[in-house]
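*Asks:* Turn this into a model:
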Amino acid sequence: MSNYFEITLRPVENYFFGGERTFGEGESVNYSAQSNQFPQQTALLGLLRYVILEQSSSLPLFKHRNKADELIGSKGFNASTPSQSFGMIRSISPLLLKNEQGYFRIGDEKEVLDVEFSGSDQYMILGNINKVPTIKDYDPKKRYETQIIALKNKKNRLSISKVLIEETQVGIKKAKDGETHTDSFFRHKCYRLKDGFRFSFVAEIEEVEYKATKYDLKKCKSIINFGAEQKQFHMEIKKLDSKTSNDRETLIDGQGSHNASFDRIILISDAIIDFNLHELCEFYISETTNFRTMSFDYNYSGGKPLKLNLLQKGGILYPKEGKMNELSKCLKKHVKFRNIGFNHLLKAEKL
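*Replies:* Numbers count the residues shown, from 1 in each chain. The predicted structure follows:
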């Protein structure tokens, strides 16, 4: 039997989530480091696995390896394997933001643009003939921003810059002898979450029995270290009733399945694309983001880096006529990725 738990994270101070731009070391040393705005889904999975081990008194790992394998699986997420088990963790949802008004997804200001395909002009891309879109009220001189958009009222939206406050530290590192060197300059950019907001995700947890003892995730409030610089976060875990979890899932991934007026798909999370997107879409508006994953055993041996380019959360896809369901199925077929919060979508109509 599975239970659903909401995990919320509120940074105590500014935070830094590692991405492509870090200080590095050796030949790859860099003077500038920039935090990602949000934690990666694999980081949330890793945090949850650690919490389960801590709650079940399964640390240190070398003393409880068999038990850990049963509770959280033997390895972290590995994108190159066809299937994988994480023990009692059945799935986790995409990351959302939350305040007293409700839940917010990450979106794009361009969602408000009126995109039509009524003209006769066409263009060819990758062997596919697509209609040229007419984008009304588009201003090429305007800087369209990332926004957070309420799940229950899409007209309730805020600029991401008003919720994630950028903080930059510039300085010069001194050597042990007190002298400075030409490569000592550094620039460090991190973020601070606006008061009243929290990161939120939901985990589906299945009770596991090991040596006649049953284990489940426990409700708690605690301070945890999280992110590339192990900054402190207030973490709260609470159990959801079936109605709350179903309502939340419908808001995230179930809208528009039977509404003919919906003409676009919005990505709630980053999405892996391994099919010809231009064959199913007339047009799409999206950024790409890098996703790196490594597979380690407990001894941190045998790690092989894998880099993927994903469509970024907030992307807007405009399916060809009659292709809405096929496009949705192609995005949802990656069960392994969806189980850790990737490839979730929302069918929508223009505002």
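
*Asks:* show me where pLDDT drops low in the stretch 1-150 of the chain?
*Replies:* Residues of the stretch 1-150 of the chain meeting the criterion pLDDT under 70: 20-31.

*Asks:* one more time with 90
*Replies:* 1-2, 18-34, 61-62, 74-83, 111-114, 116-129, 131, 136-137, 140 (pLDDT under 90).

*Asks:* Just the strands from it, written as ranges.
*Replies:* Read by DSSP state E, counting those that start in this stretch, the stretch 1-150 of the chain holds these strands, from start to end of the chain: 2-11, 32-34, 89-92, 96-99, 102-108, 114-116, 122-125, 128-131, 134-136, 146-150.

*Asks:* now those as JSON lines including mean neighbour count and distance to Gly227?
*Replies:* (C-beta placed from N, C-alpha, C; glycine too.) Shown next, in JSON lines, are the strands of the stretch 1-150 of the chain (neighbours: other C-beta atoms under 10 Å; distance: least, C-beta to C-beta, whole Å):
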{"stretch": "strand 2-11", "mean neighbour count": "19", "distance to Gly227": "8"}
{"stretch": "strand 32-34", "mean neighbour count": "18", "distance to Gly227": "12"}
{"stretch": "strand 89-92", "mean neighbour count": "20", "distance to Gly227": "17"}
{"stretch": "strand 96-99", "mean neighbour count": "21", "distance to Gly227": "16"}
{"stretch": "strand 102-108", "mean neighbour count": "21", "distance to Gly227": "18"}
{"stretch": "strand 114-116", "mean neighbour count": "14", "distance to Gly227": "37"}
{"stretch": "strand 122-125", "mean neighbour count": "11", "distance to Gly227": "39"}
{"stretch": "strand 128-131", "mean neighbour count": "15", "distance to Gly227": "41"}
{"stretch": "strand 134-136", "mean neighbour count": "12", "distance to Gly227": "38"}
{"stretch": "strand 146-150", "mean neighbour count": "21", "distance to Gly227": "20"}
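
*Asks:* To Lys320, which of those lies closest?
*Replies:* Lys320 lies closest to strand 128-131 among these, at 7.5 Å (C-beta to C-beta).

*Asks:* Tell me which other helices or strands that closest one touches.
*Replies:* strand 122-125, helix 277-280, strand 281-285 (3 or more C-beta pairs under 8 Å, 6 or more residues apart in numbering; DSSP states H and E).

*Asks:* Parallel or antiparallel, which strands does the first one pair with?
*Replies:* Sheet partners assigned to strand 122-125 using DSSP bridges are listed as strand 128-131 (antiparallel).

*Asks:* Outside of the partner strand itself, list whatever touches it.
*Replies:* Outside strand 128-131, the residues that touch it by C-beta atoms under 8 Å, 6 or more residues apart in numbering are 117, 119, 121-124, 276, 278-279, 281-283, 320.

*Asks:* starting at the chain centroid, how far to it?
*Replies:* Per C-alpha atoms, centre = their mean, to the nearest Å, the displacement of strand 128-131 from the mean C-alpha position of its chain is 31 Å.

*Asks:* same check, this time on stretch 310-326
*Replies:* Relative to its chain's centre, stretch 310-326 lies at 18 Å (C-alpha atoms, centre = their mean).

*Asks:* start to end distance for it?
*Replies:* Between the opening and closing residues of stretch 310-326 there is a gap of 19 Å (C-alpha to C-alpha, to the nearest Å).

*Asks:* Only the buried residues of it, if you could.
*Replies:* Of the residues in stretch 310-326, those scored as buried under the neighbour-count criterion (16 or more other C-beta atoms under 10 Å) are 310-320, 324.

*Asks:* that older thread, make JSON lines out of the helices and strands packed on strand 128-131 and add distance to Glu166.
*Replies:* Formatted as JSON lines, the entries for the helices and strands packed on strand 128-131 read as follows, by distance: least, C-beta to C-beta, whole Å:
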{"stretch": "strand 122-125", "distance to Glu166": "35"}
{"stretch": "helix 277-280", "distance to Glu166": "32"}
{"stretch": "strand 281-285", "distance to Glu166": "24"}
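
*Asks:* what's the closest of the ones you listed to Arg292?
*Replies:* Set against Arg292 and scored by C-beta to C-beta, these come closest in helix 277-280, at 22.0 Å.

*Asks:* The closest one - what's its average pLDDT?
*Replies:* Helix 277-280 comes out with an average pLDDT of 92.

*Asks:* Please save the CA atoms from it in CSV.
*Replies:* In CSV, the C-alpha atoms belonging to helix 277-280 read as follows (Å, rounded to 0.1, in the frame of the first residue of the first chain):
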residue,chain,number,x,y,z
LEU,A,277,9.3,17.0,-32.1
HIS,A,278,8.8,18.8,-35.4
GLU,A,279,6.7,15.8,-36.7
LEU,A,280,4.1,16.4,-34.0
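
*Asks:* elements contacting it?
*Replies:* Judged by 3+ C-beta pairs under 8 Å, 6+ apart, the packing partners of helix 277-280 are strand 128-131, helix 324-332.

*Asks:* Contacts for the last one, please.
*Replies:* Read that as helix 324-332. Among residues not part of helix 324-332, those counted as contacts by C-beta under 8 Å, 6+ apart are 262-263, 265, 271, 273, 275, 280-281, 317, 319, 338, 343, 345, 347.

*Asks:* Make a ChimeraX selection of whichever of those residues turn out to be buried.
*Replies:* To isolate the buried ones among those in ChimeraX, judged by 16+ other C-beta under 10 Å, type:
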select :262,263,265,271,273,280,281,317,319,338,343,345,347
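
*Asks:* of the contacts of helix 324-332, closest to Ile237?
*Replies:* Ile237 has its nearest neighbour among these in Arg338, at 22.2 Å by C-beta to C-beta.
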